[in-house]
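Student: The following block contains a protein sequence and its predicted model.
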Protein chains: 2
Amino acid sequence: VNVQNSGIAVVETLDGQKQAIPPVWLMRQAGRYLPEYRAIRERTGSFLDLCSTPELAAELTLQPVRRFGLDAAIVFSDIMMVPMALGQRVTFEADEGPRVDPLIDATSIAALRADIDEAVFAPVYDTIRLVKAALPAGVALIGFCGAPWTLATYMVAGKRTSDHVPVRCFAYAEPSAFTRVIGILNTVSVEYLCGQLAAGADAVQIFDSWAGVLPPDQFAQWCIQPVATIAAQVRSRLPQAKIIAFPRGIGTLLRRYVEWIEPDGIGLDWMIDKNFARDCVPAAMAIQGNLDPVALLAGGAALDRAVDEVLEAFADRPFIFNLGHGVLPQTPIAHVERMLRRVRDR
Amino acid sequence: VNVQNSGIAVVETLDGQKQAIPPVWLMRQAGRYLPEYRAIRERTGSFLDLCSTPELAAELTLQPVRRFGLDAAIVFSDIMMVPMALGQRVTFEADEGPRVDPLIDATSIAALRADIDEAVFAPVYDTIRLVKAALPAGVALIGFCGAPWTLATYMVAGKRTSDHVPVRCFAYAEPSAFTRVIGILNTVSVEYLCGQLAAGADAVQIFDSWAGVLPPDQFAQWCIQPVATIAAQVRSRLPQAKIIAFPRGIGTLLRRYVEWIEPDGIGLDWMIDKNFARDCVPAAMAIQGNLDPVALLAGGAALDRAVDEVLEAFADRPFIFNLGHGVLPQTPIAHVERMLRRVRDR
């Protein structure tokens, strides 16, 4: 990517160039709130089959861009591709999130593959190639992975858990085994992000959805340090790589996070104090976020107010408009349209 | 309570007097991790029956004090007493938390009782009287209620929800109706806390377990302002009242919270940055917390380290040792004993 003149607003923003109208994309923009998504979902197999079938995954990736004219597509996939590439068997129960064979001890950790199962990643790279060829000029394609901590919450417990007690207890009780798990995830994540960038992704986002449950020291050890390692290693191979980090629940630790990792863009959740965030994030670093997904669900005057607050808070800097978390499945399409008009027609 | 010479370490701490050894109690200290709790639980009816039977509730309240020699008892009850006193029908499904008829519109709000059903609160007051008579000298008795926001998350959704989308959407879409709900909860909470203090509670704690899901402006409106109102009204009736506020997930908003509400004690969760908390909380205000409940579950050297970090962070100020959230049901009793030795034998 020739960054300075890419003509891709999201990439230019990540390069520190403020845009007259902020580019917009939405986390979970391909999803159940779209009838065209549900139509494909209903006539195909499991969620993981979809992720592993490039033609279908590419179509799902393109749907929201086509409908709303968004400034970025994000590859339709799942963070559990990485545990799968390590040989963990993953299934999705309806509305329950992923299920895997839990990592409970040194034996189950030793049973993870030493090499990466490239057959898991190949369809994602193929999806990226298909989407890249089909995207309108100026629209960015974003790849992604889950951060090691967030992946570990599922891999250790075997499922989504409230307050993530199993993984947190494992990290307290067996720090060296847990360090090994995180180290393996770091290595695979670097391969996976570089693979997505090589296949044509213009940027990659690292999702740390469960970062917010850790005390500060452990947050530094299990969330910041791994993501910093991944970002540095990706950049050492691909110096032009654009990296967005999204640590949900970061709160008071934001300054430490952005200073240590130095991502090109920092994704903010909807809870963060916007003034605090402005103080913490260097002026040249892109901020991405942070409309409350529930404001988008509610619509009306409350939505307009919430959109205005986001725009005003980050008007003077490189900024990508997004939600503070994913689009909720019950969100009316008309509310997304209203939000986009509000962002673009000011 | 004659505060200056009460001889009750928790009360003196809440009055700003640092103790040589910090007093200790634990959120959810009466619970499933105790065999004597399980023994009573197995031979009695529903959880709510327990809360409404003073002899049994008093016995459960006293069990952990007896076993561990803790510095405070907290009345065995549930935050859902307040919705029940407003006429909402509450049931508890195993491991699922409470279920209520959801408040979905003006009609269901209008159906809440205009007067309080005192028959719901009376057994709690009786429990307090029984415990007070049985407690050793120097041990505090703490009453409590749920903060209006946390109660509303259950009352609007009808159950526990992830990210609390129903109540948050209701607050966006129907702010005046939601203001009415919060106002009703404020009024009942003042009555309920004053009733508990009149019955003999030495202090009361206001639990805002779900405070952390709101953006800052709404946090101020739906979490800080109601608790400030409740605290002020309780104090206007009972000037000596000692009030602890526990806003889980407070993060960056801690300073605003303590300056606005001015509680006697501020309960901190396990995620908060301890240095940040020291900076935000006035030196004479008691801090309560904030050991990670998962460190207590893990035990061993990790527990010792975590205990030491808490003690060292708050050694120079009025401080009540506690967890950052409730005791987890699978916590070994030996770990609680180890923790207490660590706190008391330094």
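Tutor: Alright, I've got the coordinates.

Student: give the contact list for A:Pro64.
Tutor: A:26, A:29-30, A:34, A:70, A:73 (C-beta atoms under 8 Å, 6 or more residues apart in numbering or on different chains). C-betas here are computed from N, CA, C, even on glycine.

Student: I'd guessed A:Pro54 sits against A:Phe121; true?
Tutor: No. Taking contacts as C-beta atoms under 8 Å, A:Pro54 lies outside contact range of A:Phe121: 11.8 Å.

Student: can you give me the strands for chain A?
Tutor: Along chain A, counting by DSSP state E, strands occupy A:72-74, A:90-93, A:97-100, A:140-146, A:203-208, A:243-247, A:265-267, A:286-291, A:319-323.

Student: mind putting those in CSV, mean neighbour count, distance to chain B and mean pLDDT included?
Tutor: Putting the strands of chain A into CSV (neighbours: other C-beta atoms under 10 Å in any protein chain shown; distance: least, C-beta to the nearest C-beta, whole Å; pLDDT from 0 to 100) gives the following:
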stretch, mean neighbour count, distance to chain B, mean pLDDT
strand A:72-74, 27, 20, 98
strand A:90-93, 14, 15, 88
strand A:97-100, 18, 10, 91
strand A:140-146, 25, 18, 98
strand A:203-208, 25, 14, 98
strand A:243-247, 26, 13, 98
strand A:265-267, 26, 15, 98
strand A:286-291, 26, 9, 98
strand A:319-323, 25, 12, 98
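
Student: Not counting residues beside it along the chain, what's closest to whatever residue of the stretch 101-250 of chain A ends up closest to chain B?
Tutor: Distances between the stretch 101-250 of chain A and chain B by C-beta to the nearest C-beta are smallest at A:Tyr172, namely 3.6 Å. The shortest distance from A:Tyr172 to any non-neighbouring residue, by C-beta to C-beta, 6 or more residues apart in numbering or on different chains, is to B:Ala298 (3.6 Å).

Student: Equivalent analysis for A:Trp270, please.
Tutor: Closest residue to A:Trp270 apart from its sequence neighbours, by C-beta to C-beta, 6+ apart: A:Gly324 at 2.8 Å.

Student: Report how many residues lie close to the one you found.
Tutor: For A:Gly324, the neighbour count with other C-beta atoms under 10 Å in any protein chain shown is 24.

Student: From what I see, it and A:Val294 are in contact.
Tutor: No. Counting by C-beta under 8 Å, A:Gly324 does not reach A:Val294; the two are 9.4 Å apart.

Student: Quick check: neighbours shared by those two?
Tutor: Residues within reach of A:Gly324 and of A:Val294 at once, by C-beta under 8 Å, 6+ apart, are A:Trp270.

Student: where along the stretch 1-150 of chain A do the helices fall?
Tutor: Here the stretch 1-150 of chain A has its helices, by DSSP state H, counting those that start in this stretch, at A:9-14, A:35-42, A:47-51, A:54-68, A:81-85, A:106-110, A:118-134, A:148-157.

Student: now those helices as JSON lines including distance to B:Ser46 and mean pLDDT?
Tutor: Converted to JSON lines, the helices of the stretch 1-150 of chain A look like this (distance: least, C-beta to C-beta, whole Å; pLDDT from 0 to 100):
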{"stretch": "helix A:9-14", "distance to B:Ser46": "54", "mean pLDDT": "98"}
{"stretch": "helix A:35-42", "distance to B:Ser46": "40", "mean pLDDT": "95"}
{"stretch": "helix A:47-51", "distance to B:Ser46": "38", "mean pLDDT": "91"}
{"stretch": "helix A:54-68", "distance to B:Ser46": "46", "mean pLDDT": "98"}
{"stretch": "helix A:81-85", "distance to B:Ser46": "40", "mean pLDDT": "96"}
{"stretch": "helix A:106-110", "distance to B:Ser46": "39", "mean pLDDT": "90"}
{"stretch": "helix A:118-134", "distance to B:Ser46": "48", "mean pLDDT": "98"}
{"stretch": "helix A:148-157", "distance to B:Ser46": "29", "mean pLDDT": "96"}
